[in-house]
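1. next comes the sequence, and after it the predicted model I'd like to discuss.
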Amino acid sequence: EPEVTQTPSHQVTQMGQEVILRCVPISNHLYFYWYRQILGQKVEFLVSFYNNEISEKSEIFDDQFSVERPDGSNFTLKIRSTKLEDSAMYFCASSVPGTGVTEAFFGQGTRLTVV
Amino acid sequence: AQSVTQLGSHVSVSEGALVLLRCNYSSSVPPYLFWYVQYPNKGLQLLLKYTSAATLVKGINGFEAEFKKSETSFHLTKPSAHMSDAAEYFCAVSDRGSSASKIIFGSGTRLSIRP
């Protein structure tokens, strides 16, 4: 069964460092998303991406964040200068457009710990 | 703006008992509604989805949910709880009017099963 894969599963980084979280969406999907879940809190939308540009972003997704689809398979989230409050589980998701419901398939997540 | 409210951050039931997790939604347009499950240290897995085809939706692992427009509710039920059902459950809503619709999650309900 096709699935969204994320690497690494756990990343520890020092405050102020740049970090890149990687995702491989399902191959025929065209919409891509990043969500985050701070420990003990709800899952929050960060950004959606389609046709090589951002479709929508939340207020959380400030200038420290960027997304990229560098090739035909990967979808990345970059945090330029990490802060302690960026520590969270980051989920990538993808979906395929159509006339039906926009069902997003989620990856297993990358746990980012900023120290 | 769309939102979902999950009543009860923690629900505990005995094994074999009825599971009822409550969710109310707010949407200015007919919504797509979802229930996701997150097992400990795992990603988000879709349990079921409402797409307007039927108000009673059956999902995986014996769960089902009923869409009640008059009550703006989408409660999740399972007739008989199993120990393996212990997890975090998220109700979510998506705007059916947009192809790249983001999913808005509720705050989650942690389900515990007593032996």
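-> Sure, I can see it. Numbers count the residues shown, from 1 in each chain, chains lettered A, B, ... in the order given.
2. quick check, central residue of chain A?
-> The residue lying closest to the centre of chain A (CA atoms, centre = their mean) is residue A:34, at 3.0 Å.
3. wait, is that one part of a strand?
-> Yes - counting by DSSP: H, G, I helix; E, B strand; the rest coil, residue A:34 is located in a strand.
4. run a quick neighbour tally on residue 8.
-> Using chain A. The number of residues packed near residue A:8 is 11, by other CB atoms under 10 Å in any protein chain shown. C-betas here are computed from N, CA, C, even on glycine.
5. think we crossed wires, I meant chain B
-> 12.
6. now it: closest residue in space that isn't a chain neighbour?
-> Spatially, and ignoring its direct neighbours in sequence, residue B:8 is nearest to residue B:109 (5.5 Å; CB to CB, 6 or more residues apart in numbering or on different chains).
7. do I have it right that that neighbour meets residue B:10?
-> Yes - look at residue B:109 against residue B:10 with CB atoms under 8 Å: they come within range, at 7.0 Å.
8. who does residue B:92 bridge with?
-> In this entry, residue B:92 is beta-bridged to residue B:34, residue B:105, by DSSP bridges.
9. go on, residue A:91?
-> Residues in beta-bridge contact with residue A:91 (DSSP bridges): residue A:35.
10. what residues does it make contact with?
-> Contacts for residue A:91 were tallied using CB atoms under 8 Å, 6 or more residues apart in numbering or on different chains; they are A:6, A:34-37, A:43, A:106-107, A:109, B:43-44.
11. quick one: list the elements packing against the least confident helix or strand in chain A by mean pLDDT.
-> In chain A, the helix or strand scored least confidently by mean pLDDT, DSSP states H and E is strand A:105-106, which has a mean of 88. Packed against strand A:105-106, as judged by 3 or more CB pairs under 8 Å, 6 or more residues apart in numbering or on different chains; DSSP states H and E, are the following elements: strand A:88-95, strand B:44-50.
12. mind putting those in CSV, distance to residue B:93 and mean pLDDT included?
-> Output for those, formatted as CSV (distance: least, CB to CB, whole Å; pLDDT from 0 to 100):
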stretch, distance to residue B:93, mean pLDDT
strand A:88-95, 15, 94
strand B:44-50, 10, 90
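13. wait, a helix at residue B:29?
-> No - applying three-state DSSP, one finds residue B:29 to be coil, outside a helix.
14. just give me the neighbour total for residue A:49.
-> 23.
15. picking that back up, of the helices and strands packed on strand A:105-106, flag the one that's most buried.
-> strand A:88-95 (a mean of 24; mean count of other CB atoms under 10 Å in any protein chain shown).
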